[in-house]
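S.K.: Below is the sequence, then the predicted model.
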Amino acid sequence: LVISLGVHFGLLKASDMVHINEAGEVIGGAQRPVSAAGFMIHSAIHKARPDINAVCHTHSPAGKAWSTFGRHVDIINQDSCTFYEIQTVYENFGGVVLEKAEGERIAAVLGDKNRVAILQNHGLLTAGSTVDEVAYLFTSLERTCEVQIMVESTNLPKKRIGHDEAQFTANVNADPVGLNMRPPTGRLLFVQKILDTNSAARQLYIPNSSWILSTRFGSQRES
Ligand SMILES: [Zn+2]
């Protein structure tokens with residue numbers, strides 16, 4: 001399922017999702033066009049990673065700014081620990097992703113455990129088992145990029161969080177119960193809700209149609 005083009009993200013409903021197969025053919029859901037680039041990236045990831053049921057990608061301002069450096073976010077505060085050892089950088093920006101091979105290369109750098117890719121000169125991508133998870137990871141990562149840009153602007157030396165503390169905090173942050181307590185649960189509705197209520201998400205100020213969200217058909221339970 002991929003969100004359809006031409007509907008503002010804040011107005012999207014589950015019925016606006018388009019059901020497409022691996023060949024990109026519409027086989028159900030809304031009869032609307034989807035982003036070709038979004039399909040190339042998201043389908044490759046869903047194919048390569050059976051554990052990944054949802055993928056989120058957009059050109060959010062802080063993520064786009066941070067992607068310029070081609071670097072991981074540093075583990076320098078409690079919230080950034082969420083991304084400890086689950087992030088990767090895709091360095092090979094090859095223009096708008098309209099080739100199957102480019103989507104496959106992005107899927108390849110995610111490897112078999114990463115859930116975050118910083119696409120150099122492009123933006124952020126998060127992947128996970130539920131829509132809730134990827135939306136949470138995305139908004140948290142966007143905020144983390146924003147904070148790191150503030151930190152970098154001072155030119156002062158940074159204190160990094162150590163391995164044990166980062167791993168412990170990452171485990172606490174990644175706990176599904178804790179994750180679900182932050183935002184309300186429930187498939188696409190959840191995404192709309194955090195965009196309405198989460199201040200970090202509200203500040204993303206993302207132009208219409210640039211969000212790409214996909215989810216494996218049948219993987220999200222109604223709630
Ligand atoms: Zn993009």
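M.R.: Structure received.

S.K.: Where is the longest helix in the chain?
M.R.: Counting by DSSP state H, the longest helix found in the chain is helix 131-152.

S.K.: That one packs against which elements?
M.R.: strand 54-58, helix 61-67, strand 123-128, helix 176-181, helix 187-197, helix 199-202, strand 212-215 (3 or more CB pairs under 8 Å, 6 or more residues apart in numbering; DSSP states H and E). C-beta: built from backbone N, CA, C; applies to glycine.

S.K.: Those: lowest mean pLDDT?
M.R.: Comparing mean pLDDT across those, the lowest value falls on helix 199-202: a mean of 37.

S.K.: Next, count neighbours for Ala36.
M.R.: Neighbour count of Ala36, defined by other CB atoms under 10 Å: 12.

S.K.: Just name the shakiest helix or strand of the chain by mean pLDDT.
M.R.: Across the helices and strands of the chain, mean confidence by mean pLDDT, DSSP states H and E is lowest for helix 199-202: a mean of 37.

S.K.: circling back to that earlier point, give me the angle between the longest helix of the chain and strand 123-128.
M.R.: With axes from the mean of the first three to the mean of the last three CA atoms, to 10 degrees applied, the angle from helix 131-152 to strand 123-128 works out at 140 degrees.

S.K.: So which bits of helix 131-152 are buried?
M.R.: 131-148 (16 or more other CB atoms under 10 Å).

S.K.: next structured bit after it?
M.R.: Using DSSP states H and E, the next helix or strand after helix 131-152 towards the C-terminus is helix 163-174.

S.K.: buried set for that following helix?
M.R.: Here helix 163-174 shows 166, 169-170, 173-174 as buried, counting by 16+ other CB under 10 Å.

S.K.: Output that helix as PDB, restricted to C-alpha atoms.
M.R.: C-alpha atoms of helix 163-174 as PDB (Å, rounded to 0.1, in the frame of the first residue of the first chain):
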ATOM      1  CA  HIS A 163      28.400   2.400  24.100                       C
ATOM      2  CA  ASP A 164      26.800   0.900  27.200                       C
ATOM      3  CA  GLU A 165      24.600   3.900  28.000                       C
ATOM      4  CA  ALA A 166      23.600   4.400  24.300                       C
ATOM      5  CA  GLN A 167      22.700   0.700  24.000                       C
ATOM      6  CA  PHE A 168      20.700   0.700  27.200                       C
ATOM      7  CA  THR A 169      18.800   3.800  26.200                       C
ATOM      8  CA  ALA A 170      18.200   2.500  22.700                       C
ATOM      9  CA  ASN A 171      16.700  -0.600  24.100                       C
ATOM     10  CA  VAL A 172      14.400   1.400  26.400                       C
ATOM     11  CA  ASN A 173      13.500   3.700  23.500                       C
ATOM     12  CA  ALA A 174      12.800   0.800  21.200                       C
END
